[in-house]
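# Sequence first, then the predicted structure, then my questions.
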Amino acid sequence: MLQRITSLQTKLDGTDDEDEQRALEEDVTGLILWISWCGILLEVKQRLALVLNYVRNGGNSMTPEVRDHFRQGLDEIGEIIKKTPCVHVDDDLAHLQRTMLDARAGISKRQLWLAARDEEQNKWSSIHTSRDDHPATPTHLIKHHIHCPANPGY
């Protein structure tokens, strides 16, 4: 994963196109956020397992006073968590969450941008510039020359 971030950063440093830069920045940011989230989640799970193991196994050897003190500490931690206000998800936070979840799903903004750019280029390159092949020219005007008295050469 770190190699992928380094590779994307190298591409970012080497491009001058602002749209491609933005797409690469989102890819790099999403991957960094995802790695950070995974690390935090792993740490919380490991600590929780240690605490539960301690409570299950070590709780029996505690004196009643220590056990009460320990339970009181756990109750206080629970109350702190309950009182923690929910974070209002504004546009900035929602954008970061989406960027992180896109990285988790393997969605690359740069790849989407490149595909859209290629599609746009293909669309424009398929339009013929020849007057006879112009799609907006009515076919009856292409097949027959109209005699115009005001412009006899037409």
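Received, thanks.
# how many neighbours does Gln21 have?
15 (other Cβ atoms under 10 Å). Bear in mind the C-beta positions are built from the backbone N, C-alpha and C, glycine included.
# my guess is it meets Asp13, correct?
No: contact criterion Cβ atoms under 8 Å: Gln21 and Asp13 do not qualify, at 9.5 Å.
# In the protein, mark out all the strands, start to finish.
In the chain, no strands are defined using DSSP state E.
# okay, and the helix or strand of it with the least pLDDT?
Least confident helix or strand, the chain: helix 139-143 with a mean of 47, by mean pLDDT, DSSP states H and E.
# hang on, the earlier thing: shared neighbours, Gln21 and Asp13?
Taking Cβ atoms under 8 Å, 6 or more residues apart in numbering as the contact criterion, no residue touches both Gln21 and Asp13.
# Where do the helices of this structure begin and end?
2-14, 18-53, 64-83, 91-105, 109-125, 139-143 (DSSP state H).
# mean pLDDT for these: which is lowest?
For those, the weakest mean pLDDT is recorded on helix 139-143, namely a mean of 47.
# Could you find the closest non-adjacent residue to the most centrally placed residue in the chain?
In the chain, the residue lying closest to the centroid (Cα atoms, centre = their mean) is Thr99, at 2.5 Å. Closest residue in space to Thr99, ignoring its immediate chain neighbours: Gly30 at 4.1 Å, by Cβ to Cβ, 6 or more residues apart in numbering.
# Now do the contacts for that neighbour.
Contacts of Gly30 (Cβ under 8 Å, 6+ apart): Thr99, Met100, Leu101, Asp102, Ala103, Lys109.
# Quick one: neighbours of the nearest residue to the second one once chain neighbours are set aside, just the number.
It stands for Met100. With Cβ to Cβ, 6+ apart as the criterion, Met100 has its nearest non-adjacent residue at 3.9 Å, and that residue is Leu33. Using other Cβ under 10 Å, Leu33 has 17 neighbouring residues.
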